[in-house]
Every structure is written in structure tokens, then in C-alpha cells.
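> Sequence and predicted structure are below.
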Amino acid sequence: MRPKNQWQRELVKIDESLPGITETQEKWAFKNCMPHQAIIYKNGRTVCLDCSEEFYNSTICPKCKIKLEVLTTKQRVFYSSTYLTFVSTWRGYQIIRHCIIYGYHKVGIKSQLSCREVSRVYFDKYGNYGIVGCYNQNTWSGDKWLGKIELRNPNSIRAHDFVGKYVYPRIRVLPIIKRNGYYGEIQGLTYYEIFESLLTDTRAETLIKAGQIDFFKAGCRYRTKARIIKHWSSIKICIRNNYKIRKVDDYLDYLDLLEFFNKDLYNAKYVCPLNLKKEHNKYVEKKRKWNLKRKIKDMKKQLRKDQREYYKKRKQFFDLEFTDGDIVVKPIKSVKQVMELGDMMNHCIYQNEYYKQDNSLLLYAKIKNIATETIEFDLERQKVVQSRGYDNDPTKYNRKIVRLVNKHKQEILKLNI
């Protein structure tokens with residue numbers, strides 16, 4: 001990528017003057033990052049894969065003076081690779097450098113090791129960053145670094161934002177980063193996330209200096225950062241009261257609940273509870289009850305609306321009644337009655353909103369004054385399409401009920417105006 005502005009052009013010049021990985025750094029990497037292994041044979045003869053030295057009955061190579069991992073295998077060729085991260089400075093820039101250490105090990109041959117730098121992330125003192133590195137291609141078999149090291153689009157930062165398995169112990173950071181609270185590696189965060197937060201967000205500086213590390217880590221996540229900004233005044237009260245937060249997401253949920261119930265978010269009594277879990281659960285239960293109450297209210301409102309519509313469409317059928325002496329069939333006269341019959345018979349006449357269908361006339365059959373089946377009569381097809389009892393199963397009276405309704409279908413159709 002060609003530099004597009006003065007800052008990127010300056011970054012390219014700075015990168016061209018950057019020294020390579022030193023021989024001392026490579027030696028440390030080969031010694032501390034690569035596996036040190038040996039092959040042992042049945043007769044006890046052991047071969048070091050680092051230097052090819054042969055010895056007996058020992059796990060320490062007499063030539064390398066290194067303790068070895070002893071392998072009992074017929075394999076003779078081994079490949080190894082790992083990532084190594086360097087954190088350093090150069091001419092007023094903070095740099096995060098990533099290298100891949102490769103190893104080729106074969107029995108009888110001294111191991112061949114190499115170090116390839118693949119990524120550099122630069123920060124200036126204002127938090128501006130640039131990427132100089134290889135092109136990263138993510139495949140099913142892992143990451144591949146292609147091409148030469150050159151300026152890359154800043155939007156590709158996610159491919160370059162990681163911490164290698166190993167970090168070179170000699171770490172240098174800009175004075176402004178130290179001033180802003182940096183004290184070393186923070187578990188769960190990359191160096192990019194740490195430096196970007198400390199250089200661009202004064203809240204991050206406040207949190208790390210106050211020892212609110214869990215809040216600082218949460219602030220490095222985009223979604224949580226917005227919630228921290230929203231509740232920043234309450235969080236400052238925690239800092240003043242030396243109130244440490246461990247479960248940040250739960251605490252932010254708790255603040256959202258306090259805000260919902262119009263509690264004072266500037267009062268330490270609410271903001272710094274003695275038992276966060278207990279208070280959190282109390283307001284969760286309170287919110288659940290509030291939601292249930294609102295849902296019931298909305299259901300009642302919808303029920304009244306549905307009832308008005310149902311009455312307009314079916315009022316002409318409400319005086320119908322058929323009987324053969326044992327069975328009495330009547331229309332269902334309200335949406336509430338639809339719901340009650342559905343609950344009583346454990347089927348879906350209400351949930352599936354049959355009362356809203358234009359061509360469905362809903363009836364129910366009673367035997368000995370007990371509701372036995374609900375019936376759907378299709379006004380367009382002019383017949384009973386279903387008649388169901390408890391659990392959607394037909395009762396022993398099902399055929400009689402269907403015959404009784406079909407027998408009086410002309411009375412029904414006369415009222416279908």
C-alpha cells in the first residue's frame with residue numbers, strides 16, 4: 001500500500017531505519033521458544049535433535065547442557081514453529097513486532113532454525129497507529145503470511161492484533177505510556193489494546209491508576225466501552241469509595257436496572273452495594289415482575305381490541321343453539337371464552353388465533369353441561385373442518401357432534417351475511 005498522507009510517509013521512513021532482529025534476540029528465541037527434544041532407542045542410545053549428539057541413559061545433552069524432552073517414536077523429521085512478540089520503541093514511536101520462529105529437526109543433523117518478522121504495529125504519542133507487515137491470509141490450516149513487509153491498511157489491524165506465545169523479556173515503552181499508568185502485561189489483553197486505550201482514552205488512564213483492572217479490560221471492548229462512558233459518573237463514585245468491581249458486565253447490568261427504576265446513580269448507597277449479587281438479583285426479579293405486569297396489561301388491551309373485532313364479525317351467530325337431547329352446540333361468543341376453552345382443553349385454538357380467521361365460525365359442544373369439544377365450521381367450504389376435545393383428540397361423541405352441526409348448517413349459512 002502506498003502512503004496516503006504525511007503521517008504515513010513519515011512512518012515508512014521511520015520503518016526503513018528500524019534495526020532488524022539482533023543475533024542476541026535470535027539466540028534467546030531459539031533457546032526459549034523452540035522445543036528441545038531427543039529420540040531414545042531400545043538400547044538406551046539417545047540422540048539430541050538440537051545438535052545430533054549421541055549419549056546414553058540421560059535426559060540432559062552433554063554438549064548443549066539443556067534438559068531434553070525424550071521421545072519414543074520412529075519419526076525422524078520434525079517441524080516446529082511459534083510466534084514471538086517484541087515490545088520496543090524507535091525514534092519516538094511505540095512498536096509491537098511479531099516474528100515467527102521456524103525449526104527443522106532431523107535425527108543426525110544439527111537443527112536448522114530461522115526467525116521471520118511478519119508484522120509491526122507503530123503508535124505515536126497521540127495514539128495514531130500504522131501497520132507495516134506481510135499480508136495475512138486466514139485459512140482452514142491456519143494463518144499464512146504472504147508477500148513482503150510493507151505499509152498495510154490500518155483497517156487490517158485485527159489480523160496484526162495478537163500476542164505471540166512468547167514475549168521477549170526486555171520490554172521498552174514510551175514515557176507517555178508509563179505516565180498514563182502502564183505497568184506491564186495485562187492478562188486477556190493484547191499490547192495493541194493496552195497502548196491504544198492508554199493513549200486515546202483518559203478514562204482508561206483513570207481506571208488503571210485506580211486499580212480497576214477489570215473495568216480497564218472491559219473498556220477495551222467496543223460494546224462495553226460505550227456502557228462505561230454512559231455510567232462514567234457512577235464508576236467515579238466507585239473509585240472514590242475504593243469499591244472494586246470483579247464482574248463488570250453484571251455491575252453494568254445492575255446500573256442499567258437502577259436507571260430503569262429511577263434510582264439515584266450518584267448515591268454510593270446504590271452504586272456501591274455491600275452485596276452486588278444480592279442487589280443485582282433483587283432488581284432482576286423486580287424487572288421480571290414489571291415486564292410480566294406490562295405484558296398482562298398489553299394482553300388485556302389486545303384482548304379488548306380483538307373482542308371488538310370478533311363481535312363485529314360474529315354477532316349474528318350468537319343466538320344459534322343446536323341440540324339432539326344429549327349434545328348442545330353453541331357459538332363461542334368472546335375471545336376470552338376462546339382462551340378459556342383452549343386452556344381447559346389444552347389445545348391451540350387461542351394461541352393460533354382461529355378467532356381472527358375470516359371464514360372460521362367457532363362453536364363448542366356441551367354434554368351434561370360440560371364443554372367437551374371445540375368446533376371449527378368453515379363458512380366458505382360449508383362444513384365442519386375440525387372438532388377436537390382434550391389434547392386435540394376427538395372424544396367418543398365426535399361423530400355425533402359433527403353430524404349435529406352439519407345437519408344445521410343451513411341455519412348457519414342463512415346468518416352468514
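In hand now; what should we look at? The shown structure was predicted, so the numbers you read here are calculated from the model rather than taken from an experiment. Numbers count the residues shown, from 1 in each chain.
> now the helices: where do they sit in the stretch 201-350 of the chain?
Applying DSSP state H, counting those that start in this stretch to the stretch 201-350 of the chain gives helices spanning 202-209, 213-219, 222-230, 232-240, 248-260, 268-271, 276-314, 335-345.
> how close does the residue located most distally from the centre of the chain sit to Glu411?
Most distant from the centre of the chain: Gly325, at 64.0 Å, with distances by Cα atoms, centre = their mean. Gly325 sits 18 Å away from Glu411, going by Cβ to Cβ, to the nearest Å. Backbone N, C-alpha and C define where each C-beta goes, glycine included.
> Ok, Ile66 next?
Plainly put, Ile66 is 100 Å away from Glu411 if you go by Cβ to Cβ.
> And Phe318, by the same measure?
Applying Cβ to Cβ, the value for Phe318 to Glu411 is 13 Å.
> picking that back up, quick one, phi psi at the residue farthest from the centre of the chain?
phi 110, psi -40 (degrees, to the nearest 10).
> So for Asp343, what's the pLDDT?
With respect to pLDDT, Asp343 scores 89.
> Please report the distance of the residue farthest from the centre of the chain from Asn406.
From Gly325 across to Asn406, the span is 17 Å (Cβ to Cβ).
> Repeat that for Asn392.
21 Å.
> for Arg288, same thing?
48 Å.
> Please identify which of these two sits among more neighbours.
The neighbour comparison of Arg288 against Asn406 (other Cβ atoms under 10 Å) goes to Asn406, with 14 against 10.
> Next, the buried residues of whatever helix or strand the more buried one lives in.
Here Asn406, judged by DSSP states H and E, is contained in helix 398-407. Neighbour-count burial for helix 398-407, counted by 16 or more other Cβ atoms under 10 Å, picks out 398, 401-402, 404-405.
> Run through who's touching that helix.
Contact partners of helix 398-407, identified using Cβ atoms under 8 Å, 6 or more residues apart in numbering, comprise 322-324, 326-327, 329, 363, 365, 372-373, 375, 377, 383-384, 387, 389, 395, 412.
> Now, of those residues, which are buried?
Neighbour counting with 16+ other Cβ under 10 Å marks 322, 327, 329, 363, 365, 372-373, 375, 377, 384, 387, 389, 395, 412 as buried within the contacts of helix 398-407.
> Now render those residues as CSV, adding pLDDT.
Below are the buried ones among the contacts of helix 398-407 laid out as CSV (pLDDT from 0 to 100):
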residue, pLDDT
Phe322, 87
Ile327, 90
Val329, 91
Leu363, 91
Ala365, 91
Thr372, 90
Glu373, 91
Ile375, 90
Phe377, 90
Val384, 88
Ser387, 89
Gly389, 89
Thr395, 88
Ile412, 86
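> any chance of the residues you listed in JSON lines, plus distance to Ala226 and secondary structure?
Formatted as JSON lines, those follow (distance: Cβ to Cβ, whole Å; DSSP: H, G, I helix; E, B strand; the rest coil):
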{"residue": "Phe322", "distance to Ala226": "64", "secondary structure": "strand"}
{"residue": "Ile327", "distance to Ala226": "64", "secondary structure": "strand"}
{"residue": "Val329", "distance to Ala226": "61", "secondary structure": "strand"}
{"residue": "Leu363", "distance to Ala226": "56", "secondary structure": "strand"}
{"residue": "Ala365", "distance to Ala226": "59", "secondary structure": "strand"}
{"residue": "Thr372", "distance to Ala226": "58", "secondary structure": "strand"}
{"residue": "Glu373", "distance to Ala226": "56", "secondary structure": "strand"}
{"residue": "Ile375", "distance to Ala226": "55", "secondary structure": "strand"}
{"residue": "Phe377", "distance to Ala226": "56", "secondary structure": "strand"}
{"residue": "Val384", "distance to Ala226": "58", "secondary structure": "strand"}
{"residue": "Ser387", "distance to Ala226": "56", "secondary structure": "strand"}
{"residue": "Gly389", "distance to Ala226": "55", "secondary structure": "coil"}
{"residue": "Thr395", "distance to Ala226": "59", "secondary structure": "coil"}
{"residue": "Ile412", "distance to Ala226": "60", "secondary structure": "helix"}
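> Which one of the residues you listed is nearest to Asp143?
Nearest to Asp143 among the buried ones among the contacts of helix 398-407 is Gly389, at 63.4 Å by Cβ to Cβ.
> and the closest one, what does it touch?
Shown in contact with Gly389 (Cβ under 8 Å, 6+ apart): 345, 372-373, 395, 398.
> show me what contacts the residue lying closest to it once chain neighbours are set aside?
Spatially, and ignoring its direct neighbours in sequence, Gly389 is nearest to Thr395 (4.0 Å; Cβ to Cβ, 6 or more residues apart in numbering). Thr395 is in contact with 372-373, 389, 401, counting by Cβ under 8 Å, 6+ apart.
> Break the protein into its domains for me.
6-167, 313-415 (automatic domain parsing).
> Now render those as TSV, adding distance to Asn267.
Shown next, in TSV, are the domains of the chain (distance: least, Cβ to Cβ, whole Å):
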stretch	distance to Asn267
domain 6-167	35
domain 313-415	45
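> so how far does stretch 180-193 reach from one end to the other?
Stretch 180-193 stretches 14 Å from its first residue to its last (Cα to Cα, to the nearest Å).
> between the domains of the chain, which has the poorest average model confidence?
Among the domains of the chain, domain 313-415 scores lowest, at a mean of 88.
> mind checking how far that domain is from the chain centre?
49 Å (Cα atoms, centre = their mean, to the nearest Å).
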